[in-house]
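> my questions concern the predicted model and sequence given below.
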Amino acid sequence: MASIHEEVTIDADPAAVWEALRDWGALHERLAPGFVVHTELDGTDRIVTFGTGSVLRERHITTDEATRRLVWSVVDDPYTHHNGSAQALPADGGRTRFVWIADLLPDAAAPRTAELMRQGLAVIRQTLEARSVRP
């Protein structure tokens, strides 16, 4: 099983980053606009349309307020197994360490998934820093 760990430091308050991350239905508006162009809720699932045109169903697993961690699973191809998590952790200077982890099968999907995660993190960082109000 492939395990991908990506992270970035965001010049924004961890509470503000967490508020955007935990908003399950607003991925395309609050976290990754352009990278994700539409999100539709279907029960606890969300159907995510990416800027590339691909559409994936993601199942919400848990939202952990205490650790500011969101966990989900992609239930569509190309994955036979997928577990994703993202976390907004405090970093020096009031910034946020944003950690995104994906464990997945098949292993062959890992290189493309890692590249998309890096692209997504760049958009997330840019979006949240642009919206950040810093003293």
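That came through, no problem. Numbers count the residues shown, from 1 in each chain.
> show me what the helix or strand where residue 4 lies is packed against.
Per DSSP states H and E, residue 4 falls inside strand 2-10. With contacts taken as 3 or more CB pairs under 8 Å, 6 or more residues apart in numbering; DSSP states H and E, strand 2-10 sits against strand 95-105, helix 110-131. Yep, even glycine has a C-beta here, placed from its N, CA and C like the rest.
> parallel or antiparallel, list what pairs with that strand.
Applying DSSP bridges, strand 2-10 is found paired with strand 95-105 (antiparallel).
> contacts for the strand it pairs with?
For strand 95-105, the surrounding residues in contact (CB atoms under 8 Å, 6 or more residues apart in numbering) are 1-14, 17, 21, 74, 79-91, 110, 113, 117, 120-121, 124-125, 128.
> could you do stretch 114-134 as well?
By CB under 8 Å, 6+ apart, the residues outside stretch 114-134 that reach it are 4, 6-8, 10-13, 16-17, 20, 30-36, 94, 96, 98, 100, 102.
> mark which of those are buried, thanks.
4, 6, 10, 12-13, 16-17, 20, 30-33, 35-36, 96, 98, 100, 102 (16 or more other CB atoms under 10 Å).
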